[in-house]
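> Model the structure of this input:
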Amino acid sequence: MMYPQADILHIGYPKAASTFIQRYLESHPQVTIDHNRVAPLLGPESHFDHPVVVEKPSRDKIHVSREESIAESVCVIGDVETWQRNSYVPGAWDQVKNDIIIDPGEAASRLHRIYPRAKVLILIREQADWMQSIYKYVISQLPATQRSFPEYCSTPSGIVLLEAGHFDRTISAYADTFGSQRVSVMRFEDIVSAPRRFAAELCAFLGVSEHPLPQRRENESHAQIARILRYIPILDRLPRSVKDAIKPQAARLLPGARGMILSTRYVRMLRGIYAASNQRTEKLLNQLSNAAH
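Okay, the predicted model is just below:
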(Lines give C-alpha, C1' and ligand atoms only; values in the text may rest on other atoms or scores of the structure.)
Protein backbone atom coordinates (compact mmCIF):
# COMPACT_ATOMS: atom_id res chain seq x y z
CA MET A 1 0.00 0.00 0.00
CA MET A 2 1.09 3.57 -0.69
CA TYR A 3 0.47 6.29 1.87
CA PRO A 4 1.03 9.98 1.14
CA GLN A 5 2.96 11.88 3.78
CA ALA A 6 0.46 13.60 6.08
CA ASP A 7 0.98 16.66 8.25
CA ILE A 8 -2.38 16.14 9.97
CA LEU A 9 -4.37 12.99 10.72
CA HIS A 10 -8.06 13.81 11.14
CA ILE A 11 -9.44 11.12 13.43
CA GLY A 12 -13.04 11.99 12.66
CA TYR A 13 -15.85 10.28 14.48
CA PRO A 14 -18.70 9.18 12.16
CA LYS A 15 -21.52 11.78 12.13
CA ALA A 16 -19.34 14.38 13.83
CA ALA A 17 -18.81 16.83 10.95
CA SER A 18 -16.11 14.81 9.18
CA THR A 19 -17.57 15.50 5.74
CA PHE A 20 -18.15 19.15 6.64
CA ILE A 21 -14.51 19.56 7.67
CA GLN A 22 -13.33 17.77 4.55
CA ARG A 23 -15.28 20.15 2.29
CA TYR A 24 -13.96 23.10 4.28
CA LEU A 25 -10.35 22.00 3.96
CA GLU A 26 -10.75 21.15 0.27
CA SER A 27 -11.68 24.80 -0.31
CA HIS A 28 -8.70 26.14 1.62
CA PRO A 29 -5.92 27.32 -0.73
CA GLN A 30 -3.16 26.18 1.65
CA VAL A 31 -4.46 22.65 2.27
CA THR A 32 -4.67 19.35 0.42
CA ILE A 33 -6.66 16.41 1.77
CA ASP A 34 -7.22 12.72 1.14
CA HIS A 35 -10.03 10.49 2.42
CA ASN A 36 -10.18 6.77 3.25
CA ARG A 37 -6.51 6.17 2.51
CA VAL A 38 -5.28 5.02 5.93
CA ALA A 39 -8.01 2.52 6.89
CA PRO A 40 -5.92 -0.49 5.70
CA LEU A 41 -3.52 0.25 8.55
CA LEU A 42 -6.16 -1.15 10.91
CA GLY A 43 -6.67 -4.23 8.75
CA PRO A 44 -4.83 -7.53 9.07
CA GLU A 45 -1.09 -7.09 9.64
CA SER A 46 -0.34 -8.58 6.20
CA HIS A 47 -1.95 -5.51 4.59
CA PHE A 48 0.86 -3.22 5.68
CA ASP A 49 3.94 -5.40 5.99
CA HIS A 50 5.67 -3.26 3.37
CA PRO A 51 4.02 0.20 3.36
CA VAL A 52 5.32 2.77 0.91
CA VAL A 53 5.25 6.41 1.98
CA VAL A 54 5.11 8.79 -0.97
CA GLU A 55 5.36 12.56 -1.27
CA LYS A 56 2.32 14.58 -0.34
CA PRO A 57 0.42 16.21 -3.24
CA SER A 58 2.06 19.61 -2.73
CA ARG A 59 5.20 20.34 -0.74
CA ASP A 60 4.03 23.88 -0.12
CA LYS A 61 0.67 22.93 1.39
CA ILE A 62 -0.47 21.24 4.58
CA HIS A 63 -1.72 17.74 3.79
CA VAL A 64 -4.55 16.20 5.84
CA SER A 65 -5.55 12.53 5.84
CA ARG A 66 -9.12 12.07 6.99
CA GLU A 67 -10.45 8.71 8.09
CA GLU A 68 -13.69 8.22 10.02
CA SER A 69 -13.38 4.54 10.85
CA ILE A 70 -10.09 5.07 12.71
CA ALA A 71 -11.98 6.62 15.65
CA GLU A 72 -13.81 3.33 16.14
CA SER A 73 -10.43 1.72 16.97
CA VAL A 74 -11.40 -1.59 15.35
CA CYS A 75 -8.19 -3.44 14.51
CA VAL A 76 -8.79 -6.54 12.39
CA ILE A 77 -6.78 -9.54 13.50
CA GLY A 78 -8.69 -12.18 11.56
CA ASP A 79 -11.17 -12.26 8.69
CA VAL A 80 -12.20 -8.74 7.67
CA GLU A 81 -15.15 -10.09 5.66
CA THR A 82 -16.63 -11.66 8.80
CA TRP A 83 -16.58 -8.25 10.47
CA GLN A 84 -18.08 -6.49 7.46
CA ARG A 85 -20.77 -9.12 6.95
CA ASN A 86 -21.99 -9.04 10.55
CA SER A 87 -21.54 -5.38 11.50
CA TYR A 88 -25.26 -4.57 11.40
CA VAL A 89 -26.65 -7.91 12.56
CA PRO A 90 -28.21 -7.71 16.05
CA GLY A 91 -26.68 -10.19 18.47
CA ALA A 92 -23.79 -11.10 16.15
CA TRP A 93 -20.93 -10.12 18.45
CA ASP A 94 -19.91 -13.75 18.99
CA GLN A 95 -19.43 -14.08 15.23
CA VAL A 96 -16.87 -11.25 15.07
CA LYS A 97 -15.18 -11.15 18.48
CA ASN A 98 -12.31 -13.40 17.43
CA ASP A 99 -11.58 -11.41 14.26
CA ILE A 100 -11.23 -7.91 15.74
CA ILE A 101 -9.96 -6.06 18.77
CA ILE A 102 -11.19 -2.66 19.94
CA ASP A 103 -8.08 -0.85 21.09
CA PRO A 104 -7.39 2.90 20.65
CA GLY A 105 -3.79 2.34 21.73
CA GLU A 106 -3.20 -0.27 19.04
CA ALA A 107 -4.88 1.93 16.42
CA ALA A 108 -2.71 4.91 17.39
CA SER A 109 0.41 2.76 17.35
CA ARG A 110 -0.30 1.47 13.85
CA LEU A 111 -0.80 5.01 12.54
CA HIS A 112 2.33 6.24 14.30
CA ARG A 113 4.45 3.68 12.44
CA ILE A 114 3.64 5.39 9.14
CA TYR A 115 3.10 8.98 10.35
CA PRO A 116 5.51 9.50 13.27
CA ARG A 117 5.70 13.28 12.78
CA ALA A 118 2.01 13.94 12.08
CA LYS A 119 -0.27 16.01 14.27
CA VAL A 120 -3.68 14.58 15.22
CA LEU A 121 -7.02 16.37 14.98
CA ILE A 122 -9.97 14.79 16.84
CA LEU A 123 -13.56 16.06 16.74
CA ILE A 124 -15.96 14.96 19.47
CA ARG A 125 -19.73 15.36 19.77
CA GLU A 126 -22.07 15.13 22.76
CA GLN A 127 -22.75 11.41 22.91
CA ALA A 128 -26.56 11.27 23.05
CA ASP A 129 -26.85 13.62 20.08
CA TRP A 130 -24.05 11.73 18.32
CA MET A 131 -25.54 8.28 18.84
CA GLN A 132 -29.00 9.32 17.68
CA SER A 133 -27.43 10.80 14.52
CA ILE A 134 -25.61 7.54 13.87
CA TYR A 135 -28.80 5.58 14.52
CA LYS A 136 -30.72 7.69 12.00
CA TYR A 137 -28.00 7.07 9.46
CA VAL A 138 -27.76 3.27 9.87
CA ILE A 139 -31.45 2.36 10.21
CA SER A 140 -31.71 1.33 6.58
CA GLN A 141 -28.79 -1.08 7.04
CA LEU A 142 -30.46 -2.98 9.88
CA PRO A 143 -32.65 -6.05 9.27
CA ALA A 144 -36.20 -5.01 8.40
CA THR A 145 -37.71 -6.46 11.58
CA GLN A 146 -34.92 -5.40 13.96
CA ARG A 147 -34.62 -1.64 13.80
CA SER A 148 -35.13 -0.44 17.36
CA PHE A 149 -32.34 1.47 19.09
CA PRO A 150 -31.60 -1.39 21.55
CA GLU A 151 -31.36 -3.78 18.61
CA TYR A 152 -28.87 -1.48 16.90
CA CYS A 153 -26.87 -1.29 20.12
CA SER A 154 -26.65 -5.10 20.11
CA THR A 155 -25.01 -5.17 16.67
CA PRO A 156 -21.20 -5.27 16.43
CA SER A 157 -21.31 -1.77 14.94
CA GLY A 158 -23.42 -0.49 17.83
CA ILE A 159 -21.19 -2.13 20.43
CA VAL A 160 -18.09 -0.62 18.84
CA LEU A 161 -19.54 2.88 18.67
CA LEU A 162 -20.88 2.77 22.21
CA GLU A 163 -17.33 1.93 23.29
CA ALA A 164 -15.89 4.69 21.07
CA GLY A 165 -18.11 7.20 22.87
CA HIS A 166 -15.68 7.04 25.82
CA PHE A 167 -13.68 9.83 24.23
CA ASP A 168 -11.09 9.98 27.00
CA ARG A 169 -9.74 6.57 25.97
CA THR A 170 -9.15 7.65 22.39
CA ILE A 171 -7.71 11.03 23.35
CA SER A 172 -5.35 9.43 25.87
CA ALA A 173 -4.14 6.87 23.33
CA TYR A 174 -3.20 9.48 20.73
CA ALA A 175 -1.72 11.91 23.27
CA ASP A 176 0.44 9.13 24.69
CA THR A 177 1.54 7.90 21.25
CA PHE A 178 2.00 11.15 19.29
CA GLY A 179 2.62 13.53 22.21
CA SER A 180 0.16 15.85 23.94
CA GLN A 181 1.49 18.91 22.10
CA ARG A 182 0.65 17.27 18.75
CA VAL A 183 -3.00 16.48 19.51
CA SER A 184 -5.95 18.88 19.23
CA VAL A 185 -9.51 18.00 20.28
CA MET A 186 -12.33 20.18 18.99
CA ARG A 187 -16.07 20.09 19.60
CA PHE A 188 -18.73 19.52 16.96
CA GLU A 189 -21.08 21.90 18.80
CA ASP A 190 -18.70 24.85 18.32
CA ILE A 191 -19.21 24.71 14.55
CA VAL A 192 -22.66 26.24 15.14
CA SER A 193 -22.26 28.03 18.48
CA ALA A 194 -18.83 29.58 17.86
CA PRO A 195 -17.93 29.23 14.16
CA ARG A 196 -15.33 32.01 14.09
CA ARG A 197 -13.48 30.63 17.09
CA PHE A 198 -13.72 27.10 15.69
CA ALA A 199 -12.24 28.18 12.35
CA ALA A 200 -9.49 30.20 14.06
CA GLU A 201 -8.49 27.30 16.32
CA LEU A 202 -8.59 24.77 13.50
CA CYS A 203 -6.51 26.88 11.15
CA ALA A 204 -4.02 27.72 13.91
CA PHE A 205 -3.54 24.01 14.66
CA LEU A 206 -3.06 23.23 10.96
CA GLY A 207 -0.68 26.15 10.58
CA VAL A 208 -2.60 27.91 7.79
CA SER A 209 -4.30 31.26 7.42
CA GLU A 210 -7.78 31.64 8.89
CA HIS A 211 -10.59 30.81 6.49
CA PRO A 212 -14.34 31.27 7.26
CA LEU A 213 -16.52 28.22 7.76
CA PRO A 214 -19.26 27.50 5.20
CA GLN A 215 -22.86 27.75 6.34
CA ARG A 216 -24.20 24.58 4.76
CA ARG A 217 -24.26 21.30 6.66
CA GLU A 218 -23.06 18.10 5.02
CA ASN A 219 -24.46 14.57 4.92
CA GLU A 220 -27.09 15.12 7.63
CA SER A 221 -29.66 12.37 8.23
CA HIS A 222 -33.32 13.39 8.41
CA ALA A 223 -35.09 12.34 11.62
CA GLN A 224 -38.53 11.90 10.06
CA ILE A 225 -37.17 9.85 7.15
CA ALA A 226 -35.34 7.66 9.65
CA ARG A 227 -38.59 7.08 11.54
CA ILE A 228 -40.35 6.09 8.32
CA LEU A 229 -37.59 3.64 7.42
CA ARG A 230 -37.75 2.17 10.92
CA TYR A 231 -41.48 1.43 10.73
CA ILE A 232 -41.96 0.91 6.98
CA PRO A 233 -38.88 -1.08 5.95
CA ILE A 234 -40.49 -2.08 2.65
CA LEU A 235 -39.33 1.30 1.33
CA ASP A 236 -35.80 -0.11 1.34
CA ARG A 237 -36.77 -2.38 -1.54
CA LEU A 238 -37.38 0.51 -3.87
CA PRO A 239 -34.71 1.11 -6.52
CA ARG A 240 -32.05 3.58 -5.44
CA SER A 241 -33.09 6.00 -8.17
CA VAL A 242 -36.64 6.08 -6.78
CA LYS A 243 -35.45 6.51 -3.17
CA ASP A 244 -33.10 9.31 -4.17
CA ALA A 245 -35.98 11.07 -5.91
CA ILE A 246 -38.31 10.66 -2.92
CA LYS A 247 -35.95 11.79 -0.17
CA PRO A 248 -35.74 15.51 -1.08
CA GLN A 249 -39.54 15.70 -1.25
CA ALA A 250 -39.93 13.87 2.05
CA ALA A 251 -37.38 16.13 3.68
CA ARG A 252 -39.27 19.17 2.40
CA LEU A 253 -42.74 17.98 3.42
CA LEU A 254 -41.96 16.32 6.75
CA PRO A 255 -40.99 18.58 9.67
CA GLY A 256 -38.40 17.72 12.27
CA ALA A 257 -35.33 17.07 10.14
CA ARG A 258 -33.02 17.68 13.09
CA GLY A 259 -35.34 16.40 15.80
CA MET A 260 -34.47 13.69 18.30
CA ILE A 261 -35.36 10.17 17.27
CA LEU A 262 -34.33 8.63 20.61
CA SER A 263 -36.68 8.68 23.58
CA THR A 264 -35.91 10.73 26.68
CA ARG A 265 -35.21 7.47 28.48
CA TYR A 266 -32.43 6.50 26.08
CA VAL A 267 -30.95 9.99 26.12
CA ARG A 268 -30.73 9.87 29.92
CA MET A 269 -29.25 6.39 29.73
CA LEU A 270 -26.53 7.47 27.30
CA ARG A 271 -25.65 10.54 29.32
CA GLY A 272 -25.35 8.37 32.41
CA ILE A 273 -23.08 5.91 30.63
CA TYR A 274 -20.63 8.62 29.62
CA ALA A 275 -20.77 10.91 32.67
CA ALA A 276 -17.52 9.65 34.25
CA SER A 277 -15.77 9.49 30.87
CA ASN A 278 -16.72 13.09 30.14
CA GLN A 279 -15.20 14.23 33.43
CA ARG A 280 -11.94 12.52 32.46
CA THR A 281 -12.18 14.06 28.99
CA GLU A 282 -12.44 17.56 30.45
CA LYS A 283 -9.26 16.99 32.47
CA LEU A 284 -7.49 15.72 29.36
CA LEU A 285 -8.55 18.75 27.33
CA ASN A 286 -7.11 21.03 30.00
CA GLN A 287 -3.85 19.08 29.89
CA LEU A 288 -3.71 19.31 26.10
CA SER A 289 -4.38 23.04 26.24
CA ASN A 290 -1.56 23.51 28.71
CA ALA A 291 0.78 21.40 26.60
CA ALA A 292 0.00 23.50 23.53
CA HIS A 293 0.98 26.67 25.35
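> Low-confidence ranges, this structure, go.
46-49, 216-240, 242-260 (pLDDT under 70).
> longest helix in it, by residue count?
The longest helix of the chain (DSSP state H) is helix 275-292.
> If you count contacts, what does that helix end up packed against?
Helices and strands touching helix 275-292, as assessed by 3 or more Cβ pairs under 8 Å, 6 or more residues apart in numbering; DSSP states H and E, comprise helix 167-178, strand 183-187. All C-beta spots, glycine's among them, are computed from the backbone N, C-alpha and C.
> What lies in contact with it?
Contact with helix 275-292 is made by 124, 127, 165-169, 171-172, 175, 180-181, 183-185, as judged by Cβ atoms under 8 Å, 6 or more residues apart in numbering.
> quick one: residue 291 and residue 202, what's the gap?
When Cβ to Cβ, to the nearest Å is the yardstick, residue 291 and residue 202 sit 18 Å from each other.
> If you count surrounding residues, which of those two has more?
residue 202 (24 against 13; other Cβ atoms under 10 Å).
> Helix or strand: which one has the more buried one?
Taking DSSP states H and E as the criterion, the element that holds residue 202 is helix 195-206.
> got the contact list for the closest residue to residue 44 other than its chain neighbours?
Among residues not flanking residue 44 along the chain, residue 76 sits closest, at 5.4 Å (Cβ to Cβ, 6 or more residues apart in numbering). Neighbour list for residue 76: 42-44, 83, 99-100 [criterion: Cβ under 8 Å, 6+ apart].
> Can you tell me the SS state at the residue nearest to residue 70 when sequence neighbours are not counted?
In this structure, residue 70 finds its nearest non-sequential neighbour in residue 11, 5.2 Å apart by Cβ to Cβ, 6+ apart. Secondary structure assignment for residue 11 (DSSP: H, G, I helix; E, B strand; the rest coil): strand.
> Residue 63 - that's part of a strand, no?
Yes: with three-state DSSP as the criterion, residue 63 is located in a strand.
> So what sits opposite it in the bridge?
residue 32 (DSSP bridges).
> hang on, it packs against residue 55?
No: the criterion here is Cβ atoms under 8 Å, and residue 63 misses it with residue 55 at 9.4 Å.
> Settle it for me: which of those two has more neighbours?
residue 63 (20 against 9).
> And the closest residue to residue 187 other than its chain neighbours, how close does it get to residue 278?
Leaving aside its chain neighbours, residue 187 sits nearest to residue 124 (6.1 Å; criterion: Cβ to Cβ, 6+ apart). Applying Cβ to Cβ, the value for residue 124 to residue 278 is 10 Å.
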